[in-house]
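Asks: turn this into a structure:
(one chain, ligands or ions: 1)
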Amino acid sequence: MIIVKLGGSVITDKNRENTARKRVIKRLIQEIKKADRRIILVHGAGSFGHIHAERYHLDKGFENEEQLKGFSITHLNVRRLNRIIIDCLQRQGIPSISIPPLSVVEMSDGRLRYISTGCFVRALSLNLTPVTFGDVVFDERRGFSICSGDMLVLGLSRYFEPERVIFVIDEDGIFDKDPKLHGNAKLLTTIDYRDLPSSSEMVYPDVTGGMGGKIEVIKRLAEQGTEVVVVNGNKRGRLYRSLKGERVKGTLVTGG
Ligand code: IPE
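Replies: Purely as a prediction, here's the structure:
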């Protein structure tokens, strides 16, 4: 089984509130269909989540009543994006079900404490594709926290031990420095997780930690022995070929 995370900056226009990139979503889902592998699909929130979460400072946990409106709006909107994904999977002939983190995840002080895996297990055993996503969830200390898709990938990988995790992002892979700021940034094609740049060198933060947060998650995945591949979702065929186990332009993180 493979866990695929579709990044929010690939499937949405990050700068325009609640704007899905429907053509890209359709193509990526066609690639998943064609590859015909058993997967758990995790997707980010992009502009359906980050804009609202930032507006209401949801990353700080519960501080005031006004944030409850933000909690509700953010959850509603990430579900809207999830509905777009599920509808597309359905149309492409991939039977799938939505598993909202709000109902199956508990956090404590911003850390994932528990995922109820029963629905994932049962869906996979019936050959139904489980789909989950970055969401706002309850936190026993802070009231609520943001649970990123990357955190879910880490939690699910600990339980399911997938043969590979594929992160689909809007860059060719992981670079030695932020490629959006440095024209001479070099793509890291194969790298041991111990040699990954530190997250502080990769600060382009958002409410879930941006690329630095992703690198921390990737380090922990590789440390536990999971193969991690990072590919560009804007380039046709790279997700398909990675699902097939072929090497494509991107980053392969090894170690463990
Ligand atoms: C963020 O999830 C969830 C919310 C802001 C509610 P992700 O961190 O997985 O989303 P992307 O991939 O960065 O958009």
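
Asks: quick check: the gap between residue 15 and the ligand.
Replies: In this structure, residue 15 and the ligand are 12 Å apart, going by C-beta to the nearest ligand atom, to the nearest Å. Bear in mind the C-beta positions are built from the backbone N, C-alpha and C, glycine included.

Asks: just the residues contacting stretch 122-130, thanks.
Replies: With contact meaning C-beta atoms under 8 Å, 6 or more residues apart in numbering, stretch 122-130 is reached by 1, 38-41, 89, 94-97, 99, 119-120.

Asks: next one: stretch 182-197 to chain centre, how far?
Replies: 20 Å (C-alpha atoms, centre = their mean, to the nearest Å).

Asks: mind listing what's buried in it?
Replies: In terms of neighbour count (16 or more other C-beta atoms under 10 Å), stretch 182-197 has its buried residues at 188, 191, 193, 196-197.

Asks: pick the one among those residues closest to residue 156.
Replies: Residue 156 lies nearest to residue 193 out of these, by C-beta to C-beta, at 18.5 Å.

Asks: how near is the closest residue in space to that closest one that isn't next to it in sequence to residue 115?
Replies: Closest residue in space to residue 193, ignoring its immediate chain neighbours: residue 222 at 3.5 Å, by C-beta to C-beta, 6 or more residues apart in numbering. Distance, residue 222 to residue 115, using C-beta to C-beta, to the nearest Å: 20 Å.

Asks: so the closest residue to residue 228 other than its chain neighbours bridges to which residues?
Replies: Nearest non-adjacent residue to residue 228, counting by C-beta to C-beta, 6+ apart: residue 253, 4.1 Å away. Per DSSP bridges, the residues bridged to residue 253 are residue 191, residue 228.

Asks: need the contact list for residue 253.
Replies: 174, 191-193, 196, 218, 221-222, 227-230.

Asks: one step back: isn't the residue nearest to residue 193 right next to residue 195, touching?
Replies: No. Counting by C-beta atoms under 8 Å, residue 222 does not reach residue 195; the two are 10.6 Å apart.

Asks: list residues touching both of these two?
Replies: Common contact partners of residue 222 and residue 195 (C-beta under 8 Å, 6+ apart): none.

Asks: count the neighbours of the residue of the stretch 101-250 of the chain found nearest the ligand for me.
Replies: At 2.0 Å from the ligand, residue 134 is the closest residue in the stretch 101-250 of the chain, using C-beta to the nearest ligand atom. Per other C-beta atoms under 10 Å, the neighbour tally for residue 134 reads 31.

Asks: phi first, then psi, for it.
Replies: phi -60, psi 140 (degrees, to the nearest 10).

Asks: just checking, what's the longest helix in this protein?
Replies: Assignment by DSSP state H gives helix 66-91 as the longest helix of the chain.

Asks: in TSV: the buried residues of stretch 182-197, plus pLDDT.
Replies: Below are those laid out as TSV (pLDDT from 0 to 100):
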residue	pLDDT
188	94
191	94
193	93
196	89
197	80
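
Asks: make a markdown table out of these and add secondary structure.
Replies: Shown next, in a markdown table, are the buried residues of stretch 182-197 (DSSP: H, G, I helix; E, B strand; the rest coil):
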| residue | secondary structure |
| --- | --- |
| 188 | coil |
| 191 | strand |
| 193 | helix |
| 196 | coil |
| 197 | coil |
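
Asks: the residues you listed: which ones sit near the ligand?
Replies: Near the ligand, taking C-beta under 6 Å from any ligand atom as the test, no member of those is found.
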